[in-house]
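[1] Show me the folded form of this:
(one chain, ligands or ions: 2)
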Amino acid sequence: MLLLATGCVQEQRLSSTRELMGTIVTITVIGEDSAAIELAFKEIEKVESLMSRYDPDSQVSALNSEGYIENADTLLINVLRKAEYYSAISNGAFDVTVQPLLELYTESFRRKRKPPSDAEIKETLKLVDYANIMIAGDKVSFSKEGMKITLGGIAKGYAVDRAVEVLKQNGIKHALVNAGGDMRAIGSKGVEDWSIALRNPRDETDYITVIKLNDKAVATSGDYERYFIDKSQHHIINPKTGKSALGLISVTVITDKAIDADALATSVFVLGANKGLELIESLSGVEGLLITEEKEVIRSSGFSE
Ligand code: ADP
Ligand code: MG
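    Ligands and ions are numbered 1, 2, ... in the order given. Prediction:
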């Protein structure tokens, strides 16, 4: 009645935010179903408890310390298989076995306040190759001692997809799940699509474009979120060189599912503008927006404003 009186009929919006998966997760639904939101957060907690590197009890931590696990959860197997697929189609640019390199950088900056030497990088690169992850049923093992994985480039997207499935199972028709910029929409916001402002990576107060989402997912990989000391030493590693990927400062990918957007954004970031754009164009239902170090904005052929 009150809403009608003001002359504007608005959808009821319910939004809840938690810290999960090493980032801020916000779930927004149109309606009043707080129980569905609660269940969706529970699902994200489940993904985190399996895949976090920071939780010593996670399956990923067990795999990293023992070199194998015998009772891998289906969710973990799903993510590892997806990771393998993106490694294959990106010609190894996407590779979850870069973890020893990330640790080498962290240690080197902690101890010497500078990046590791080329010799240290070369030595550590021997541990990096996704082809050395063996999956057989629910058993996962590494074929080299000392290998470690990080699912930081793909698990957030998967968590978003799982949360979306839970919301859908609970009858939600309009929602947005956002895990630190990796997001997926169920339907529209009601009357209009969800609109997402894509931040300017070098100016927080500015934005590049507004992306409209309706039953789609979007993810962004950038050098500005996490870096060691300066932005040339950031957390996305080129597995061919063992160094931070150069050339692009931001990659945004739009596709149906968040896991694909997440993994592809990281893959394209490593591949660089030419090969990255080529990969996006080769896949159906995938669009992307790339920003180069020179601040040039490149859009894939079907990227709509
Ligand atoms: P963000 O975590 O900022 O959203 P990304 O989705 O690009 O960004 O993920 C970056 C994370 O991916 C890193 O922190 C690391 O855990 C992991 N990673 C780094 N380099 C690679 C790579 N070449 N392939 C797969 N994962 C990577
Ligand atoms: Mg990613």
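[2] alpha carbons only for contacts and neighbour counts from here, please
    Will do.
[3] show me the contacts for the residue positioned nearest the centre of the chain.
    Central residue of the chain (Cα atoms, centre = their mean): residue 262, 3.6 Å from the mean position. Contacts for residue 262 were tallied using Cα atoms under 8 Å, 6 or more residues apart in numbering; they are 153-154, 156-157, 182, 218-221, 253.
[4] just residue 39 next, same as before
    Residues in contact with residue 39 (Cα under 8 Å, 6+ apart) are 166-167.
[5] Which secondary structure element is home to it?
    Element membership for residue 39, per DSSP states H and E: helix 34-51.
[6] What residues sit buried inside that helix?
    Going by neighbour count (16 or more other Cα atoms under 10 Å), the buried part of helix 34-51 is 36-37, 40-41, 43-45, 47-51.
[7] residues in contact with residue 61?
    51-55.
[8] Could you identify the helix or strand that succeeds the helix or strand it falls within?
    Using DSSP H and E, residue 61 maps to helix 59-66. Moving toward the C-terminus from helix 59-66, the next helix or strand (DSSP H and E) is strand 68-69.
[9] which residues sit against that next one?
    So strand 68-69 is contacted by 59, 62-63, 139-142 (Cα under 8 Å, 6+ apart).
[10] Can you pull the residues of the chain lying near ligand 1?
    Proximity of the chain to ligand 1, by Cα under 6 Å from any ligand atom, involves residues 93-96, 150-153, 221, 225, 235-239, 262, 266.
[11] Tell me where the stretch 101-250 of the chain is predicted with low confidence.
    Residues of the stretch 101-250 of the chain meeting the criterion pLDDT under 70: 223-233.
[12] Of the buried residues of helix 34-51, which is the nearest to ligand 1?
    Minimum distance to ligand 1 across the buried residues of helix 34-51 is 11.2 Å, recorded for residue 51 (Cα to the nearest ligand atom).
[13] That closest one contacts residue 151, correct?
    Yes: under the criterion of Cα atoms under 8 Å, residue 51 makes contact with residue 151 at 6.9 Å.
[14] what helices or strands is the longest strand along the chain leaning on?
    When the chain is parsed with DSSP state E, its longest strand is strand 203-213. For strand 203-213, the packing partners by 3 or more Cα pairs under 8 Å, 6 or more residues apart in numbering; DSSP states H and E come out as strand 194-200.
[15] if we go to 10 Å?
    strand 182-186, strand 194-200, strand 248-255, strand 287-292 (3 or more Cα pairs under 10 Å, 6 or more residues apart in numbering; DSSP states H and E).
[16] Mind giving me the packing neighbours of the helix or strand following that strand?
    Sequence-wise, the next helix or strand downstream of strand 203-213 (DSSP H and E) is strand 217-222. Other elements packing on strand 217-222 under the criterion 3+ Cα pairs under 10 Å, 6+ apart are helix 155-169, strand 175-179, strand 182-186, strand 194-200, strand 248-255, helix 258-271, strand 287-292.
[17] Would you mind getting the angle between the helix holding residue 39 and helix 155-169?
    150 degrees (axes from the mean of the first three to the mean of the last three Cα atoms, to 10 degrees).
[18] from here on, count from 3
    Sounds good: first residue 3 from here, last item helix 36-53.
[19] Which one of the residues in the stretch 53-202 of the chain is closest to ligand 2?
    residue 155 (3.6 Å; Cα to the ion).
[20] any idea which element the spatially closest residue to residue 136 that is not a sequence neighbour lies in?
    Of all residues not flanking residue 136 in the chain, residue 143 sits nearest, at 5.1 Å (Cα to Cα, 6 or more residues apart in numbering). Residue 143 is part of strand 141-144 when elements are defined by DSSP H and E.
[21] Show me what counts as buried in that strand.
    142-144.
[22] One more: stretch 205-216?
    Buried residues in stretch 205-216 (16+ other Cα under 10 Å): 213-216.
[23] what do you get for stretch 274-294?
    Neighbour count says stretch 274-294 has 274-275, 278-279, 281-283, 288-294 buried, by 16+ other Cα under 10 Å.
[24] how about those in JSON lines, adding distance to residue 22 and pLDDT?
    Shown next, in JSON lines, are those (distance: Cα to Cα, whole Å; pLDDT from 0 to 100):
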{"residue": "274", "distance to residue 22": "30", "pLDDT": "98"}
{"residue": "275", "distance to residue 22": "31", "pLDDT": "98"}
{"residue": "278", "distance to residue 22": "29", "pLDDT": "98"}
{"residue": "279", "distance to residue 22": "31", "pLDDT": "98"}
{"residue": "281", "distance to residue 22": "31", "pLDDT": "98"}
{"residue": "282", "distance to residue 22": "29", "pLDDT": "98"}
{"residue": "283", "distance to residue 22": "33", "pLDDT": "98"}
{"residue": "288", "distance to residue 22": "27", "pLDDT": "98"}
{"residue": "289", "distance to residue 22": "27", "pLDDT": "98"}
{"residue": "290", "distance to residue 22": "26", "pLDDT": "98"}
{"residue": "291", "distance to residue 22": "27", "pLDDT": "97"}
{"residue": "292", "distance to residue 22": "27", "pLDDT": "97"}
{"residue": "293", "distance to residue 22": "28", "pLDDT": "95"}
{"residue": "294", "distance to residue 22": "30", "pLDDT": "95"}
